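Colleague: Give me the fold of what follows.
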Amino acid sequence: MTEFSFLPLEEQVAAMHQVAEVALASWPGSFTRMDLIKYRENGVFCVESSEGRKFALRIHRHGYHTDNELLSELQWMAALADAGVPVPSIVPAKNGALLAKIQVGSFPVFQVDMLDWLSGKPVGSAEEGSELAVEELSELYFEAGALAAKLHDHASQWSTPNDFVRHSWDEEGLIGAKPFWGQFRGLPALKEHLPLIDAVCRRARNDLEKLGKSPDCYGLVHADLVPENLLKCDTGLMLLDFDDAGYGWHLFELATALYFYVGRPEYAALRDSIVAGYRSLRPLSDVHLDNLDLFLALRGLTYLGWVTTRSETQTAKEMTPLLVAQAVQVGTAYLQMLE
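Modeller: Next comes the predicted model:
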């Protein structure tokens, strides 16, 4: 955590506006409108040029990624866009850089980038699911599975730049001594469930070792294929927000897409649809698919780490009960499957 993260929310939001106003001078053209549309991990503004063109200006969470890590994220996104994968296009700054460094007053230096704006509507949300009928949602999840397959195919063939740096959702990043999103065992609301969590971690280590990291099941993944990041557009499904992209198991990708539907009536249909969509473009063996419950359990632990390290935020306070209950549910299902 950084000192900025502990400022009152209204002060953080005010800072986001000041940084955005200064940052816009780094991009070509003039801008007539700027609206903050999201402030969770990043501050995301919809900005409009004098010609009526819209862009997404992202102010990245302070202290989360290094410059090299963010440049690597943008490089993969640019390569995906060039390959025809439906992701936002990156808008370089006046000097040609993909990333600007902006400091205003006594606030820390923020990393800022700009993407083309995508008009559409998210498929759903973690808290509320989706308002779409299960038939339409299933069709979108088939498309999401195919999109995940395209990402994994591209990553398996792409020669990463020499300075490419991204984190790993591997054993250590998921359940090691210092998990990437934080040590979930420190969450007070999880105290009574620690025996269950410890059992999940012990068995998960064995299962991950058996699964291995061959290219057919492990590589670069988006790692945040949640309903909010699947944008339903007129041209089809678009994928947003590569902030958490890194190296991990391909099934972690599918588990993330399904996680917040576990326990809902539409879960089985969405599971079958996303798997069918994936298999329409890329092999996914039954042996690998048998580990889906493992990755649902691991995904649950990462969310507990997320709220542990962001406990000062209103989002974490509101979501902790839901995430604890969900993690217990998927962890229990995973252990029962192994018995």
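Colleague: so where's the stretch 1-150 of the chain shaky on pLDDT?
Modeller: Within the stretch 1-150 of the chain, the segments meeting pLDDT under 70 span 1-2.
Colleague: Give me the most central residue, this protein.
Modeller: By Cα atoms, centre = their mean, the chain has its centre lying nearest to residue 224, at 2.5 Å.
Colleague: Next up, the contacts around it.
Modeller: 241, 242, 243, 244, 245, 256 (Cβ atoms under 8 Å, 6 or more residues apart in numbering). To be clear about C-beta, it is placed using only N, CA and C from the backbone, and glycine gets the same treatment.
Colleague: Can you pull the phi and psi angles for it?
Modeller: Dihedral pair for residue 224: phi -150, psi 50, per degrees, to the nearest 10.
Colleague: for the stretch 151-300 of the chain, what spans make up the strands?
Modeller: Under the criterion DSSP state E, counting those that start in this stretch, strands of the stretch 151-300 of the chain are mapped to 168-169, 218-221, 230-233, 236-239, 246-249.
Colleague: what about stretch 207-226, start to end distance?
Modeller: This stretch, stretch 207-226, spans 24 Å end to end (Cα to Cα, to the nearest Å).
Colleague: Tell me how many other residues surround residue 236.
Modeller: Applying other Cβ atoms under 10 Å, we find 13 other residues in the vicinity of residue 236.
Colleague: Name all residues that make contact with the residue nearest to it when sequence neighbours are not counted.
Modeller: Computed as Cβ to Cβ, 6 or more residues apart in numbering, the closest residue to residue 236 that is not its neighbour in sequence is residue 86, at 6.2 Å. Residue 86 is in contact with 147, 235, 236, 237, 238, 239, counting by Cβ under 8 Å, 6+ apart.
Colleague: what's the burial count for the first one?
Modeller: Close neighbours of residue 147, defined as other Cβ under 10 Å, add up to 27.
Colleague: Check the second one too.
Modeller: The number of residues packed near residue 235 is 10, by other Cβ under 10 Å.
Colleague: Any chance of the backbone angles for it?
Modeller: Backbone torsions of residue 235, given as degrees, to the nearest 10, read phi -90, psi 0.
Colleague: And residue 128, by the same measure?
Modeller: Per degrees, to the nearest 10, the backbone of residue 128 is at phi -120, psi 0.
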